[in-house]
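Colleague: Below are the sequence and a predicted model; questions follow.
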Amino acid sequence: MTPIRSFPRRRALVAAACLASCCAAQAQDDTPSLPSVVVTGNPLHSADVAAPASSLGGDALVLRRGSSLGDTLNGLPGVASTYYGPGANRPVIRGQDGDRIRMLDNGGSSLDASSLSFDHAVPVDPLVVERVEVLRGPAALLYGGSAVGGVVNTLDNRIPRRPVQGVTGALEGRLGGAANERGGSALLETGGPGFAVHVDAFARKTDDLSVPAFNRPVDGGTERRDRIVNSAGDAKGGAVGGSLLWDHGYLGASVDTYRNDYGSVAEQDVTLRMKRDRFAVGGEVRDLAGPVSTVRLQGSLANYQHQEVEGSGEVGTTFKNRGGDLRLEAVHARTPLGAGQLEGVFGVQAESSRFAALGEEAFVPTTHTRQLAGFVHEQWRLSPEWQFSGGARVESVRIASEGDANPADARFGDPAERRFTPKSAALGAVWKLGGPWQLTANAAYTERAPTSYELYADGVHAATGTYERGSLDQRLERGRNLDLALQWRSGPDQAKLGVFTSRFSNYIALMRTGAPDHVDGDESFPVYGFQGVRARLYGAEFEGRKRLWQGAAGRLEAEGQLDLVRGDNLSNGQPLPRLAPLRATAALAWQQGGWMARAEVQRAMRQSRVPDDDTATPGWTIVNLASTYRLPVGGSSDALFFVRLNNLGNQLAYNASTISTVRWLAPLAGRSLSAGVRVTF
């Protein structure tokens, strides 16, 4: 591991400046002291969890909403995003993405194809999300081996869990921005004795993203552009849900639909037409007598499809994913153990999906994936100062390929099946050191089964401009993870510093094979293969906040954060690809009555630690301004007006987490002004 003292001087100066500002990553409550955040992704719904967790909701979420989930979360401590223009971005947590990040929809599986390719969007729109949680550590393992990097859980209350008095809801409208967004959402909830109903809908249209003038690669040369070609989008959807409620539980269901048509920035005449329909059920019975105090049930069925449509209107490739999941968990009553109390949850989870890629550009065969898992999570409160937690999960995974659909076009071979039994375990501890100090630690051993495309892929992947090959010889991905965090909190002031490291004895990476380029007509594509290598990831995260002044004219606070992740392929001595560089944010926030104003500076350093088949990404500095005004509208209703001026200096910037074949086609957004209002009643 590279010691911190070996960092270049300029990076050390950025880190020192951010530490000195003692600032936080996001807007917080308007309260004199910060309350504990209950993370519902934790199965015990506990406020004091050993795992590092972030929660984004309320006004902070309204201000941060982007056109995708990755764009919305990008910039939280340790969270970056893939970037395929504004239409398709997926969260990256501590350098890990794809199937190492578990995407949840109200705690259940979100069935899609977003982990298969960088141009596949997540079928969740931030406009209808009420809260987003990012969870790591022992509790994250309960959601599968694909949660080795973390869990992203979106919450929208489409299955109401609590009674609703009268009629409540929210309306939101947004205009402007670098993509000339025209978007809006509506939410309505009502109920009576023993029932509650939820209805929501959203729509969003955007134009090609406006960016600073740049040289776009084209046909061996470049052309001058000030927009990302073919990046416009049109998304819409909605849901209806309802629950039967009683004093000690609920049982409900919801139906939702999502549609999104957006351009492929790598192919200027290709449009992706995505749709997903989902039916979900959920229920809970609380306060039971006996050894089990709570039982929860959750399940869903989803039908996902997207088509890649050529400029002529012809459908080139169709991706389909149909399946469902069922999860049953039981919380056992608190039990005395030694000098403390033990509480925990155990359960089973089953998932099944059938994935099909049809068309000339299909690079994976039709596959069936089935998973059955058992899990347990225990939390032992030894004393007010000490808390321990532990989790374990065992899975049975079957991944079957149907082989070649057309024997005349032999590519994927005969039908085949692989079976895996991943096992994972984690331990965590919280030590309240006294006063405002707290220390947390987590250690985990994780195993992940290879995905269908890591096993069976064999073809041109148009979105990345490569020829990709899987391997039937793939073994379980195995890793060991450790993170430590020291937190200080005193009234409105707080600071948190964390460090982490992960070592993999087998890390499945997509790497250039060295084989001659694959020739398809008049085009050639470099050949990449999914290979198991030894790997290491490590880094640090800091966030904090300091109240500088408070008086009759309001209050002024300093905020900011810093994060760093580094990764190495220990098998060949090269850096791992697509890692975010050292990033720092410093901000000032002023609040008086219903007014809030915020100015921030974001700095990303040059990312020059890249493998041989990539190039360095230049660093950048971006200044953002934002302001909100909350206007009471009688009773418990209010209107939140907001305005944002992003990238004040119109800085040309690129995302280092973007695959290199797309990075130079899609810079980050240029200078833009956006505004909107959210009315709650």
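Modeller: On my side now, so go ahead.
Colleague: how far out from the middle of the chain is the longest strand that the chain contains?
Modeller: Identified as the longest strand of the chain according to DSSP state E is strand 527-551. Between the centre of strand 527-551 and the centre of its chain there are 14 Å (Cα atoms, centre = their mean, to the nearest Å).
Colleague: For that strand, list every residue counted as buried.
Modeller: 527-533, 535-547 (16 or more other Cβ atoms under 10 Å). Heads up, the C-betas are built off the backbone N, CA and C, glycines and all.
Colleague: measure the closest residue to Trp431 other than its chain neighbours to Asp483 for me?
Modeller: Nearest non-adjacent residue to Trp431, counting by Cβ to Cβ, 6 or more residues apart in numbering: Leu439, 4.6 Å away. For Leu439, the distance to Asp483 equals 12 Å [Cβ to Cβ, to the nearest Å].
Colleague: quick one, what contacts the residue nearest the centre of the chain?
Modeller: Ranked by distance to the mean C-alpha position of the chain (Cα atoms, centre = their mean), the top residue is Pro91 at 3.5 Å. Pro91 makes contact with 69-70, 73-74, 79-81, 97, 101, 134, 152, according to Cβ atoms under 8 Å, 6 or more residues apart in numbering.
Colleague: isn't Asp99 right up against Ser115?
Modeller: Yes. The criterion here is Cβ atoms under 8 Å, and Asp99 meets it with Ser115 at 4.7 Å.
Colleague: Quick check: neighbours shared by those two?
Modeller: Thr451.
Colleague: more neighbours, the two?
Modeller: Asp99 (25 against 19; other Cβ atoms under 10 Å).
Colleague: check contacts around Arg216.
Modeller: The contact partners of Arg216, by Cβ under 8 Å, 6+ apart, come to 222-225, 229, 664-665.
Colleague: Type out the PyMOL command that picks the buried ones from those.
Modeller: Filtering these down to the buried ones (16+ other Cβ under 10 Å) takes a single PyMOL command:
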select buried, resi 225+229+664+665
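Colleague: Which other helices and strands does the helix or strand encompassing Leu244 contact?
Modeller: Per DSSP states H and E: Leu244 is located in strand 233-246. Packing contacts for strand 233-246, counted by 3 or more Cβ pairs under 8 Å, 6 or more residues apart in numbering; DSSP states H and E, involve strand 195-206, strand 249-264.
Colleague: Where does the prediction get shaky in this structure?
Modeller: 1-52, 137-139, 145-146, 407-408 (pLDDT under 70).
Colleague: redo that, cut-off 50
Modeller: 1-39 (pLDDT under 50).
Colleague: circling back to that earlier point, so which of Leu439 and Asp483 has more stuff around it?
Modeller: Asp483 (26 against 13).
Colleague: bridging residues for that one?
Modeller: Asp483 has these beta-bridge partners by DSSP bridges: Asn442, Phe500.
Colleague: repeat for the one 5 residues further on
Modeller: Listed by DSSP bridges, the beta-bridge partners for Trp488 are Trp437, Ala495.
Colleague: you'd agree it is up against Lys496?
Modeller: Yes. Trp488 lies in contact with Lys496 (Cβ under 8 Å); the separation is 7.5 Å.
Colleague: Show me which of the two is the more surrounded one.
Modeller: More crowded of Trp488 and Lys496, by other Cβ under 10 Å: Lys496, with 21 against 16.
Colleague: any chance of the contacts of Arg216 in TSV, with distance to Glu172 too?
Modeller: Shown next, in TSV, are the contacts of Arg216 (distance: Cβ to Cβ, whole Å):
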residue	distance to Glu172
Thr222	40
Glu223	38
Arg224	37
Arg225	32
Val229	30
Trp664	35
Leu665	31
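Colleague: Which of the contacts of Arg216 fall in strands?
Modeller: Those of those lying in strands (DSSP E): 222-225.
Colleague: Quickly find the element holding Leu63.
Modeller: Counting by DSSP H and E, Leu63 is part of helix 58-64.
Colleague: quick one: the residue nearest to the centre of the chain from Arg102, how far?
Modeller: Going from Pro91 to Arg102 by Cβ to Cβ gives 10 Å.
Colleague: Same question for Ala589.
Modeller: Distance, Ala589 to Arg102, by Cβ to Cβ: 32 Å.
Colleague: what about these two, which has more around it?
Modeller: Of the pair Ala589 and Arg102, Arg102 is the one with more neighbours under other Cβ under 10 Å, namely 25 against 22.
Colleague: Just confirm that one contacts Gly150, I think it does.
Modeller: Yes. The criterion here is Cβ under 8 Å, and Arg102 meets it with Gly150 at 7.3 Å.
Colleague: what's the overlap in contacts for the two?
Modeller: With Cβ under 8 Å, 6+ apart as the test, Arg102 and Gly150 both reach Ala140.
Colleague: contacting residues around Gly403?
Modeller: Contacts of Gly403 by Cβ under 8 Å, 6+ apart are 365, 412-416.
Colleague: same question, Ser490
Modeller: Residues near Ser490 by Cβ under 8 Å, 6+ apart: Pro436.
Colleague: how much space between it and Ala253?
Modeller: 46 Å.
Colleague: Using PDB, write down the CA coordinates of the helix or strand containing Val345.
Modeller: Per DSSP H and E, Val345 falls inside strand 340-359. Extracted in PDB, the C-alpha atoms of strand 340-359 (Å, rounded to 0.1, in the frame of the first residue of the first chain):
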ATOM      1  CA  GLY A 340     -25.700  -7.300  27.200                       C
ATOM      2  CA  GLN A 341     -28.700  -7.800  24.900                       C
ATOM      3  CA  LEU A 342     -28.700  -9.800  21.700                       C
ATOM      4  CA  GLU A 343     -31.200  -9.000  18.800                       C
ATOM      5  CA  GLY A 344     -31.100 -10.100  15.200                       C
ATOM      6  CA  VAL A 345     -32.800 -11.200  12.100                       C
ATOM      7  CA  PHE A 346     -32.700 -14.400  10.000                       C
ATOM      8  CA  GLY A 347     -34.400 -15.400   6.800                       C
ATOM      9  CA  VAL A 348     -34.400 -16.800   3.300                       C
ATOM     10  CA  GLN A 349     -34.400 -15.200  -0.100                       C
ATOM     11  CA  ALA A 350     -35.100 -16.700  -3.600                       C
ATOM     12  CA  GLU A 351     -34.500 -15.000  -7.000                       C
ATOM     13  CA  SER A 352     -35.000 -16.200 -10.500                       C
ATOM     14  CA  SER A 353     -34.600 -14.500 -13.800                       C
ATOM     15  CA  ARG A 354     -34.500 -15.300 -17.500                       C
ATOM     16  CA  PHE A 355     -32.300 -13.000 -19.600                       C
ATOM     17  CA  ALA A 356     -32.400 -12.900 -23.400                       C
ATOM     18  CA  ALA A 357     -30.400 -10.800 -25.900                       C
ATOM     19  CA  LEU A 358     -31.800 -11.100 -29.400                       C
ATOM     20  CA  GLY A 359     -30.400  -9.600 -32.600                       C
END
